[in-house]
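>>> need a 3D model of the sequence below.
(4 chains)
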Number of protein chains: 2
Amino acid sequence: MEPSAESGMCKRVKRLRSDAEQNRDRIVEAARAAFRREGLSVSMASIARAAGVGIATLFRRFPTRMELIAAVFEDALRECRDAAVAARDAEVAWDGFREFVETVCGLQAANRGFAEVLTMNYGALKSLERQRQETYRAFADLIGRAKKEGRLREDFSPEDLPILLMANAGVLRAVGDAAPEASKRLVGHMLRAFSESGTEQLPPAPSSKALMRGIARQRRSAES
Amino acid sequence: MEPSAESGMCKRVKRLRSDAEQNRDRIVEAARAAFRREGLSVSMASIARAAGVGIATLFRRFPTRMELIAAVFEDALRECRDAAVAARDAEVAWDGFREFVETVCGLQAANRGFAEVLTMNYGALKSLERQRQETYRAFADLIGRAKKEGRLREDFSPEDLPILLMANAGVLRAVGDAAPEASKRLVGHMLRAFSESGTEQLPPAPSSKALMRGIARQRRSAES
DNA sequence: ACCTAAGCGGATAGGGCATTCCACTTGGTT
DNA sequence: AACCAAGTGGAATGCCCTATCCGCTTAGGT
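Next up, the predicted model:
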């Protein structure tokens, strides 16, 4: 069918017809909103409906869900990488570290789909995988600096970042959007654990009621 | 076999016929295994198949998924409560605290369904809700003691336990059963954050490869 | 041994989902 | 203005799920 060369970093090899281009943009926008609100497993049909296009159009443009995910979250991942690079170059490494962790976890809290994206690997999606590589490289440098400073514990491992991101995603999934406080609280604890001094200040705990309300909201999905 | 009378305070109102009783047990056992391996959203049909009964039999006995979940996890939740009570009565409160947290998170790691159960509320299921109440009451006492001891930070909140459970569930969900180390690591960090001294020893980080392998395994579910 | 309510399980209805097919429309080039 | 490849939408297909219905089987009291 299409020997159309895969793009990678360069722009779309094959120009789309102008109306098709417009439809594509509408799809990506609709998907962005849907992923943010509902997570990565919203139905393709609902995305097409929201975009005002037929289902076939969506599948023609994005044969797999993964490709759509990649199109939607490419910029967010780039932002992540930029944040990591900025953190790496911060004057005080520990401040950069803290800021970076809080930023990324904050992005997760603001976007359910993004929270999930950060807990997957992108398999064949090289552009995304590259962003991640770069992010982690910058992060690794940052770790080194922060340890030298004496602010980050020596036993902190680069793998602790993905672990935190998964943990945060778990909290967000469980409490829904009802309690960003819960996420903040988790991050606060973790930063304390990472810091050599342990004097980091801790965000307030969510109230028991708020937590329960959030949980109750989520229950629908797993319910009978 | 079993003295089929319920030993709890409220016995089954209507005695089941002996063959029905047996079928019920087989269903619960099959569900227990399925929930453990696959989480709470395995299909009812597959549970019935594994139990060797018709779908109708399953639905007759457990009209909603929630009731089945309750039947399956009642003992596990009781164990939790017992662990909390034991912890409350430990000589050194902090040791009880640490042990309790590690135990519960370990149970989560060993049982995907249980991990999910601990991040939900059981709505109408009073027996489960009661277990939880009792657990949290004992836990609250434990917190008080551990703070008095000076081992637990003053700003630790009871809500930090559910937050940790959600976080742990998130890690487990993301890495699958490939990396119980990841869960241990998270718990280690959190215990450090909770401890006044911060000298708790930290389990080793999972290797990057192990983590990635686990993530790749999980990908199937969200894939296109 | 017999009777009957309790229990059984397969068939089936009904809904959501991803994915494909195809007859029709349209942008843009000539 | 005419052509046609590119693009379109919706119907159709096939899968898997929950939930219910209904004619048959059987445990267990008599």
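>>> residue A:61 - how many residues pack around it?
Counted with other C-beta atoms under 10 Å in any protein chain shown, residues neighbouring residue A:61 total 18. C-beta coordinates here come from the backbone N, C-alpha and C atoms, glycine included.
>>> so it touches residue A:25, yeah?
No: using C-beta atoms under 8 Å, residue A:61 is not in contact with residue A:25, being 10.2 Å away.
>>> tell me what the helix or strand of chain A with the lowest mean pLDDT is packed against?
Lowest by mean pLDDT, DSSP states H and E among the helices and strands of chain A is helix A:208-218, with a mean of 83. For helix A:208-218, the elements it packs on are helix A:160-175, helix A:180-194, judged by 3 or more C-beta pairs under 8 Å, 6 or more residues apart in numbering or on different chains; DSSP states H and E.
>>> tilt between the first one and helix A:208-218?
Taking axes from the mean of the first three to the mean of the last three C-alpha atoms, to 10 degrees, helix A:160-175 and helix A:208-218 form an angle of 80 degrees between their directions.
>>> helix A:160-175 vs helix B:180-194, what angle?
80 degrees.
>>> with the last one instead?
With the same axes, to 10 degrees defining the directions, helix A:180-194 sits at 90 degrees from helix B:180-194.
>>> output the contacting helices and strands for helix A:180-194.
Counting by 3+ C-beta pairs under 8 Å, 6+ apart, helix A:180-194 packs on helix A:93-110, helix A:160-175, helix A:208-218, helix B:160-175, helix B:180-194.
>>> weakest of the ones you listed by average pLDDT?
Across the helices and strands packed on helix A:180-194, helix A:208-218 has the smallest mean pLDDT, namely a mean of 83.
>>> and chain A, which residues reach DNA strand D?
Residues of chain A that fall close to DNA strand D, judged by C-beta under 7 Å from any atom of the strand: A:16-17, A:19-20, A:23, A:52-57, A:60-61, A:224.
>>> repeat that for 6 Å
A:16-17, A:19-20, A:23, A:53-57, A:60, A:224 (C-beta under 6 Å from any atom of the strand).
>>> now those in JSON lines, with neighbour count, secondary structure and distance to residue B:183?
Converted to JSON lines, these look like this (neighbours: other C-beta atoms under 10 Å in any protein chain shown; DSSP: H, G, I helix; E, B strand; the rest coil; distance: C-beta to C-beta, whole Å):
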{"residue": "A:16", "neighbour count": "13", "secondary structure": "coil", "distance to residue B:183": "46"}
{"residue": "A:17", "neighbour count": "8", "secondary structure": "coil", "distance to residue B:183": "50"}
{"residue": "A:19", "neighbour count": "8", "secondary structure": "helix", "distance to residue B:183": "50"}
{"residue": "A:20", "neighbour count": "13", "secondary structure": "helix", "distance to residue B:183": "46"}
{"residue": "A:23", "neighbour count": "20", "secondary structure": "helix", "distance to residue B:183": "44"}
{"residue": "A:53", "neighbour count": "19", "secondary structure": "coil", "distance to residue B:183": "42"}
{"residue": "A:54", "neighbour count": "12", "secondary structure": "coil", "distance to residue B:183": "44"}
{"residue": "A:55", "neighbour count": "13", "secondary structure": "helix", "distance to residue B:183": "40"}
{"residue": "A:56", "neighbour count": "9", "secondary structure": "helix", "distance to residue B:183": "43"}
{"residue": "A:57", "neighbour count": "17", "secondary structure": "helix", "distance to residue B:183": "43"}
{"residue": "A:60", "neighbour count": "13", "secondary structure": "helix", "distance to residue B:183": "42"}
{"residue": "A:224", "neighbour count": "11", "secondary structure": "coil", "distance to residue B:183": "28"}
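>>> make CSV from these and add distance to residue A:169 and pLDDT to it.
Converted to CSV, the residues of chain A next to DNA strand D look like this (distance: C-beta to C-beta, whole Å; pLDDT from 0 to 100):
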residue, distance to residue A:169, pLDDT
A:16, 34, 86
A:17, 39, 91
A:19, 37, 95
A:20, 34, 94
A:23, 31, 97
A:53, 30, 97
A:54, 33, 97
A:55, 29, 97
A:56, 33, 97
A:57, 31, 98
A:60, 31, 97
A:224, 25, 48
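>>> redo these as a markdown table? Include distance to residue B:123.
Formatted as a markdown table, these follow (distance: C-beta to C-beta, whole Å):
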| residue | distance to residue B:123 |
| --- | --- |
| A:16 | 49 |
| A:17 | 52 |
| A:19 | 49 |
| A:20 | 48 |
| A:23 | 43 |
| A:53 | 39 |
| A:54 | 40 |
| A:55 | 36 |
| A:56 | 41 |
| A:57 | 41 |
| A:60 | 43 |
| A:224 | 11 |
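>>> tell me which two of those sit farthest apart.
A:17 and A:224 (47.2 Å; C-beta to C-beta).
>>> you'd agree residue A:172 is up against residue A:108?
Yes: with contact defined as C-beta under 8 Å, residue A:172 reaches residue A:108; the gap is 6.2 Å.
>>> grab the nearest non-local neighbour of the residue of chain A found nearest chain B.
In chain A, the residue that lies nearest chain B is residue A:170 (1.5 Å; C-beta to the nearest C-beta). Closest residue in space to residue A:170, ignoring its immediate chain neighbours: residue B:170 at 1.5 Å, by C-beta to C-beta, 6 or more residues apart in numbering or on different chains.
>>> distance of the one you found relative to residue A:119?
Distance, residue B:170 to residue A:119, using C-beta to C-beta, to the nearest Å: 8 Å.
>>> quick one: contacts for the nearest residue to residue A:33 once chain neighbours are set aside?
Among residues not flanking residue A:33 along the chain, residue A:50 sits closest, at 7.1 Å (C-beta to C-beta, 6+ apart). Residue A:50 makes contacts with A:30, A:33-34, as judged by C-beta atoms under 8 Å, 6 or more residues apart in numbering or on different chains.
>>> CSV for the residues you listed, including pLDDT, distance to residue A:101 and neighbour count?
Below are these laid out as CSV (pLDDT from 0 to 100; distance: C-beta to C-beta, whole Å; neighbours: other C-beta atoms under 10 Å in any protein chain shown):
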residue, pLDDT, distance to residue A:101, neighbour count
A:30, 98, 31, 21
A:33, 98, 27, 16
A:34, 98, 27, 22
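>>> now these in a markdown table, with secondary structure and distance to residue A:139?
Below are the contacts of residue A:50 laid out as a markdown table (DSSP: H, G, I helix; E, B strand; the rest coil; distance: C-beta to C-beta, whole Å):
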| residue | secondary structure | distance to residue A:139 |
| --- | --- | --- |
| A:30 | helix | 32 |
| A:33 | helix | 29 |
| A:34 | helix | 30 |
